[in-house]
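# Could you look at this predicted model? Sequence included:
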Amino acid sequence: MTAPIMPLLYTGGPLATHAYLIPNAAGTAYLCVDAPDGLAAELRENGIQVEALLLTHGHSDHVGDAARVARNHACPVYIHAEDLPLLGREKEGTPIENVLTLPVERGEAADWHIGGRDITLFHVPGHTSGSVAFYEPALNRVFGGDVIFAGGIGRCRSPALREELLSGIGRWLLPLPDATEIYPGHGPSTRLGIEKKEPYFAPYLPAREFTQPSTL
Ligand SMILES: [Zn+2]
Ligand SMILES: [Zn+2]
């Protein structure tokens, strides 16, 4: 059995937010998912080059070091258009350079190519309006930010938003293979097959074929 390929992980900030580092296809630099406080210094100390910063959403604990990473690495910062307003609230006050929007329509999925890698973008709003999960089909893993955790889903500000989040997860994540590895923005990684058993997902599971019981 081959062990799953673990992405490099950095955890920082008061909410213990994760950043994940994925090597580009050439192995010359990394794609970085999220930028908690302290990430920029950690990258510098380890001599890690970033080709692009991919933000799962715009909450401050995920973007605290985005401006520093963008500046130090002269790299683009991708975020969904609907979370752009959140970036303006960044506590550092310095605007983030080179911000680009992720090419995915509201509530939809889109195939994307960056750093020589194929990534599927899932727009899964609810926790924030611009929350995105990054799925790598080749490695069968999801970087979901605060969309889904081990044993939970992202906090939502209203029941309607929670419903929107659950139905987005049901549409895009729950149909993925059970072995899909989930790397969330906080806490331990998990596997889709484990999370699917949570009762709150029951109404959103993909329809299964079953034999109608006989009514005779
Ligand atoms: Zn969040
Ligand atoms: Zn978070």
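Good, I have the coordinates. Numbering: from 1, shown residues only. Ligands and ions are numbered 1, 2, ... in the order given.
# What segments of this structure are helices?
Taking DSSP state H, the helices of the chain run over residues 39-45, 60-63, 66-73, 84-87, 159-168, 192-195.
# How about residues contacting the fifth one?
When contacts are defined by Cβ atoms under 8 Å, 6 or more residues apart in numbering, helix 159-168 is touched by residues 107, 122-127, 131, 147, 153-154, 156, 200-201, 203-204. For every residue, glycine as well, the C-beta is placed using N, CA and C.
# cool, the second one as well?
Contact partners of helix 60-63, identified using Cβ under 8 Å, 6+ apart, comprise 13-15, 17, 34-37, 55-56, 86-87, 89-91, 96, 145-146, 185.
# Can you turn the buried part of those residues into a ChimeraX selection?
Applied in ChimeraX, the following selects the buried portion of those according to 16 or more other Cβ atoms under 10 Å:
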select :13,15,17,34,35,36,37,55,56,86,87,90,96,145,146,185
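# so which of the contacts of helix 60-63 are also by ligand 2?
Counting by Cβ under 5 Å from the ion, the subset of these that neighbours ligand 2 consists of Asp146, Gly185.
# got the contact list for the nearest residue to Asp146 once chain neighbours are set aside?
Distance criterion Cβ to Cβ, 6 or more residues apart in numbering; nearest residue to Asp146, sequence neighbours excluded, is Gly154 at 3.9 Å. Residues in contact with Gly154 (Cβ under 8 Å, 6+ apart) are Gly126, His127, Ser131, Gly145, Asp146, Val147, Ile148, Leu165.
# per-residue pLDDT, Ala19?
Note on Ala19: pLDDT of 98.
# Ser131 now?
In this prediction, Ser131 carries a pLDDT score of 98.
# since we're on it, how many residues are nearby?
A total of 27 residues lie near Ser131 under the criterion other Cβ atoms under 10 Å.
# What parts of the chain come near ligand 1?
Counting by Cβ under 5 Å from the ion, the chain comes close to ligand 1 at His59, Asp146.
# which residue ranges form the strands in the chain?
Using DSSP state E, the strands of the chain run over 8-12, 17-23, 30-33, 50-54, 77-79, 99-101, 109-114, 117-123, 132-136, 141-145, 148-149, 152-153, 181-184, 190-191.
# so of the ones you listed, which one's packed in deepest?
Neighbour counts (mean count of other Cβ atoms under 10 Å) averaged over each of the strands of the chain peak at strand 141-145, with a mean of 27.
# For the residue lying closest to Gly107 once chain neighbours are set aside, give me its contacts.
Leaving out its chain neighbours, the residue that sits closest to Gly107 by Cβ to Cβ, 6+ apart is His123, at 5.7 Å. Neighbouring residues of His123 by Cβ under 8 Å, 6+ apart: His80, Leu102, Val104, Glu105, Arg106, Gly107, Glu108, Ala109, Gly130, Ser131, Val132, Gly168.
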